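Chemist: Sequence and predicted structure, then a few things I'm wondering about:
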Amino acid sequence: MPRFGLGVYKMTDPEESYLAMEKALQEGYTAIDTASLYGNEQQVGEALRNSNKKRQDLFITSKVWNTDQGYDETLFAFEKSLNLLQMDYLDLYLTHWPVPSKFKETYRAIERLYDEKLIRATGVSNHQVHHLEELMTTANYKPMVNQIELHPYLTQVENREFCQANNIAITAWSPLGRGKVLQDETIRQIGEQYNKTTAQTIIRWHLQGDHIVIPKSVTPSRIVENAQVFDFELTAEDMARIDALHRDERFGSHPDHYAYE
Ligand SMILES: NC(=O)C1=CN([C@@H]2O[C@H](COP(=O)(O)OP(=O)(O)OC[C@H]3O[C@@H](n4cnc5c(N)ncnc54)[C@H](OP(=O)(O)O)[C@@H]3O)[C@@H](O)[C@H]2O)C=CC1
Ligand SMILES: O=C1CO[C@H](CO)[C@@H](O)[C@@H]1O
C-alpha cells in the first residue's frame, strides 16, 4: 500500500476536485482516499480513467458511511460506490466510524467483499483499541488498516502501539490538523533547518513514524509541495521534538463521543 496519497474530503466543487485529482496524478500520487460521504467518488473515477496510469498502479480507498452500516446495507453501499467510481474493485474499503451495534456486521460484509475479491484489503476507521478488540473477537481477518485522526497535536500512542502489535497499518487522517498545525512555530523552525516548509516537515514526521499519510489540498502548488518529502530525513532528535508537541487536541470528533445517528 502506498505510504502517501491525496485526501479528498471537502473537495465538493466537481471541477475544482477533478483538477486537484488530475494534478496529483500528474505529480506522481498513486493513492486517493475518498468516501461516499465526500460526494466526489464520480470525480475520482473520472480523474483516474483520464490519467495515463494503469489501474493496478493506483490505490483507491473508500468508506461506508454511518447511515449505510449493517451487513446488507454495506454490500449495497459498496456497489453504489463502485458504480460511481466505475471500477471493478477497490484497493481498500473501510467502516467509516464504529457505529455502536453496527460496526461488527459492517466489517463482516467488508470481509465478504474481500473474499469475493472486490476489495484488495479490509479496514476500519476511527476505531479505538476497545473497538478493535471487540471486532477481533468475531472477525475472520484482522483489519489491515485503521484510519484515525493523527498529527503532531494528537499522537495516538496507545492506538498506534496496539495496531503495530497486531500488524494493522495506521493511516493518519487530518495529518496537517486540517491546516491548523501549520501555524506551529517549533515545526516551522525544524523545517527551516532542512529548507522544507512546515507542511513538508509534518508529512515527513508521519512517514518516519510509519503512518500512511493522506494530506488534502485543492491548491496545485501545495499538491506539488506536499509530495516533495522523499529527499530528506528528520533526525531522531527532531522527530522527538515533534512528538513532544502532543496535547491531545482533536480537530474532529472523538469516536467515543460521536453523535452516531
Ligand atoms: N476517516 C475519517 O473519518 C476522516 C478521514 N479524512 C481523510 O483525511 C484527509 C486529510 O484530512 P483533512 O481533514 O482534509 O485535513 P488536512 O490535515 O489534510 O489539511 C487540509 C487543509 O490544509 C491545507 N493545506 C494542505 N497542504 C497545505 C500546504 N502545503 N500549505 C498550507 N496549507 C495546506 C488545505 O488547504 P487547500 O485545500 O485550500 O489547499 C486544507 O485546508 C481527508 O481529505 C480525508 O481523505 C479526514 C477526516 C476524517
Ligand atoms: O471523513 C470525515 C471527514 O470529516 C468529517 C467531519 O470531521 C468526519 O465526520 C468524517 O469522518
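Modeler: Nice, I can see it. Numbers count the residues shown, from 1 in each chain. Ligands and ions are numbered 1, 2, ... in the order given.
Chemist: tell me the pLDDT at the closest residue to residue 103 other than its chain neighbours?
Modeler: Distance criterion CB to CB, 6 or more residues apart in numbering; nearest residue to residue 103, sequence neighbours excluded, is residue 95 at 5.4 Å. (Glycine included, C-beta is placed from N, CA and C.) The model reports residue 95 with a pLDDT of 98.
Chemist: Could I get the contacting residues of residue 82?
Modeler: 88, 89, 90, 118 (CB atoms under 8 Å, 6 or more residues apart in numbering).
Chemist: Return the member of those nearest to ligand 2.
Modeler: Of all the contacts of residue 82, ligand 2 sits closest to residue 90, with 16.1 Å by CB to the nearest ligand atom.
Chemist: Can you report how many residues neighbour the residue lying closest to that closest one once chain neighbours are set aside?
Modeler: Nearest residue to residue 90, sequence neighbours excluded (CB to CB, 6+ apart): residue 119, at 4.9 Å. Using other CB atoms under 10 Å, residue 119 has 25 neighbouring residues.
Chemist: One more: the one 5 residues further on?
Modeler: Applying other CB under 10 Å, we find 28 residues neighbouring residue 124.
Chemist: in which helix or strand would I find it?
Modeler: strand 119-125 (DSSP states H and E).
Chemist: thinking again about what came up before, on the strand side of things, show who the residue nearest to residue 103 bridges to.
Modeler: residue 64, residue 124 (DSSP bridges).
Chemist: Contacts only, for it.
Modeler: For residue 95, the contact set (CB under 8 Å, 6+ apart) comprises 63, 64, 69, 74, 103, 106, 107, 110, 123, 124, 125, 127.
Chemist: thought the third one was touching residue 98?
Modeler: Meaning residue 69. No: counting by CB atoms under 8 Å, residue 69 does not reach residue 98; the two are 9.2 Å apart.
Chemist: So for the two, which sits in the more crowded spot?
Modeler: The neighbour comparison of residue 69 against residue 98 (other CB under 10 Å) goes to residue 98, with 27 against 24.
Chemist: so that one, which of the three states?
Modeler: Secondary structure state of residue 98, per DSSP: H, G, I helix; E, B strand; the rest coil, is coil.
Chemist: quick one: contacts for it?
Modeler: 124, 126, 127, 128, 131, 255.
Chemist: can you check residue 225 too?
Modeler: Per CB under 8 Å, 6+ apart, neighbours of residue 225: 197, 199, 200.
Chemist: okay if I get those residues as CSV plus secondary structure, distance to residue 237 and neighbour count?
Modeler: What follows is these, written out as CSV (DSSP: H, G, I helix; E, B strand; the rest coil; distance: CB to CB, whole Å; neighbours: other CB atoms under 10 Å):
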residue, secondary structure, distance to residue 237, neighbour count
197, coil, 20, 19
199, helix, 21, 22
200, helix, 18, 21
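Chemist: ok, so of the residues you listed, who is nearest residue 143?
Modeler: Residue 143 lies nearest to residue 199 out of those, by CB to CB, at 28.7 Å.
Chemist: quick revisit: which pair of the contacts of residue 95 spans the longest distance?
Modeler: For the contacts of residue 95, the farthest-apart pair by CB to CB is 74 and 127; their separation is 15.4 Å.
Chemist: Which of the two has more residues huddled nearby?
Modeler: More crowded of residue 74 and residue 127, by other CB under 10 Å: residue 127, with 27 against 24.
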